[in-house]
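Student: Give me a model of this one.
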Amino acid sequence: MGLTTIGLFAGVGGIERGLERAGHSNELLCEIDPSARKVLEKRFQGVPLIDDIRALTTLPATDIVTAGFPCQDLSQAGRTKGIGGANSGLVKEVFRLLRGMKRKPTWIVLENVPFMLSLGRGRAMSVIVGALEELGYQWAYRTIDSRAFGLPQRRRRIFLVASRSEDPRAVLLNGMAKVPLFRTSAYTLHGFYWTEGNTGLGWAVNAVPPLKGGSRIGIPSPPAIWLPRKRKLCLPDIRDAERLQGLPAGWTEWSNGEKASGRERWRLVGNAVSVPVAEWIGRRLSDHRDYHENGATPLRRSAKWPRAAWGRNGKVYEAMVSEWPVSRRCQSLESFLEYPLQPLSVKATAGFLSRITKSTLNVNKRFIRDVRYHLSQAKMEL
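Tutor: Numbers count the residues shown, from 1 in each chain. Below is the predicted model of the structure:
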């Protein structure tokens, strides 16, 4: 039997679609971004939609409350102001609403970026688990890579599950698949960020780097893909980006004749939660079993936060699990992409080449040669 769920900071509904696919029903959504709300209105018709969590005075009774709360202040590519920042600090509104509920939800599910574990010595996680324990919840979190679910996107995210009456470890920490060896060849596609090049590339083999809602040059942008066989640099279609998040192609198109800009859709997709991960968690929420201990090491509160942990009553234990709870067959990036690729522009290529050649990064020499070749060909076609 499905559970009822409320989605706070819903974005374009990645968590919510995953929970629906797991058999649960969305009872209320909250999202302040106007563009994301238009997507939610189209994709979750009939579900009440609130625009500002700060305007909510209470939540109706429900089984699950989810919150993919803003990551801008916790992201390595963002403002890095920490949990006290104007955006990521809004997670405190979740705890305010939970305190006001007479019947607390059985489950809490939170999602954010793994950089929060190290930023400010992990203060964000300390604040979050402290607030949950004050409300009587025990908790577990795990860093999960979307590639484990068959998506050729190297996307690592933290998922935290908490409960007052159930064991969150049984939901999140059971299951540890062997990380597969990725077969590559001289013609394997590689993803990277053309907006970078000074200190990193976001390099991904047979995958794209994590899709994101912003960039170091201040605009939402797609990653680039190196096609060694053709010696080209290309950009994926936004519809393939949606698919790389486990969403159907066209998910972020608006209704009523309106049309979102390409840049706007890239921002929405980059901020989304991978649907298959949310679905996996949703299925385990309603069909979890006893927790099978994989090893746990007690941690001091001042210790560095590990990739996975659980805790209750002020005690924290490191969980010896990988970032791959399952291992589903993953297509190569080349076979996954369904829509036409767009060549990286002369301006974008030239800017990237300038940054990468001035940096001290150790970069594949063949890749640099192909960047130069792509630039020369693109100039000839102008």
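Student: so where's this structure uncertain?
Tutor: Along the chain, the model assigns pLDDT under 70 to residues 70-88, 181, 214-220, 255-260, 294-295, 301.
Student: Identify the single longest helix in it, thanks.
Tutor: Counting residues, the longest helix found in the chain (DSSP state H) is helix 365-380.
Student: list the helices and strands that helix packs on?
Tutor: strand 232-235, helix 346-358 (3 or more C-beta pairs under 8 Å, 6 or more residues apart in numbering; DSSP states H and E). The way it works is simple: take the backbone N, C-alpha and C, and place the C-beta from them, glycine included.
Student: Turn those into CSV, columns for mean neighbour count and distance to residue 311.
Tutor: Output for those, formatted as CSV (neighbours: other C-beta atoms under 10 Å; distance: least, C-beta to C-beta, whole Å):
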stretch, mean neighbour count, distance to residue 311
strand 232-235, 21, 43
helix 346-358, 16, 42
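Student: which stretch among these comes nearest residue 320?
Tutor: When these are compared by C-beta to C-beta, helix 346-358 sits nearest residue 320, at 37.9 Å.
Student: And the contacts of that closest one?
Tutor: 194-198, 201, 224, 233, 344, 363, 368, 371-372, 374-375, 378-379, 382 (C-beta atoms under 8 Å, 6 or more residues apart in numbering).
Student: domains in this structure, as residue ranges please.
Tutor: 4-178+272-319, 190-248+330-380 (automatic domain parsing).
Student: With respect to residue 266, which of these lies nearest?
Tutor: Across the domains of the chain, closest to residue 266 is domain 190-248+330-380 (C-beta to C-beta), at 4.4 Å.
Student: With distance to residue 262 added, can I get the helices and strands packed on helix 365-380 in TSV?
Tutor: Below are those laid out as TSV (distance: least, C-beta to C-beta, whole Å):
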stretch	distance to residue 262
strand 232-235	10
helix 346-358	14
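Student: Any idea how many residues pack against residue 315?
Tutor: 12 (other C-beta atoms under 10 Å).
Student: Next up, phi/psi of it, please.
Tutor: phi -110, psi 140 (degrees, to the nearest 10).
Student: Show me what it bridges to in the sheet.
Tutor: residue 312 (DSSP bridges).
Student: I'd assumed residue 296 was in contact with it.
Tutor: No - the pair residue 315 and residue 296 fails to qualify as a contact (C-beta atoms under 8 Å) at a distance of 10.2 Å.
Student: how about the helices in the stretch 151-300 of the chain?
Tutor: Per DSSP state H, counting those that start in this stretch, the stretch 151-300 of the chain has helices spanning 168-172, 238-244, 262-270, 275-286. These are given in chain order.
Student: What residues sit buried inside the third one?
Tutor: For helix 262-270, the buried set under the neighbour-count rule, 16 or more other C-beta atoms under 10 Å, comprises 264, 265, 266, 267, 268, 269, 270.
Student: Tell me which residue is most central in this structure.
Tutor: Closest to where the C-alpha atoms of the chain average out (C-alpha atoms, centre = their mean) is residue 273, at 4.5 Å.
Student: Just list the residues touching that residue, thanks.
Tutor: 11, 14, 15, 18, 68, 111, 157, 245.
Student: okay, now the first one: neighbour count?
Tutor: Other residues within reach of residue 11, judged by other C-beta under 10 Å, total 24.
Student: re earlier: same list as before, the helices of the stretch 151-300 of the chain that is, but in TSV and with distance to residue 338 included.
Tutor: Output for these, formatted as TSV (distance: least, C-beta to C-beta, whole Å):
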stretch	distance to residue 338
helix 168-172	32
helix 238-244	6
helix 262-270	15
helix 275-286	17
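Student: Comparing those, which comes out most buried?
Tutor: Of all the helices of the stretch 151-300 of the chain, helix 168-172 has the most neighbours on average by mean count of other C-beta atoms under 10 Å, namely a mean of 26.
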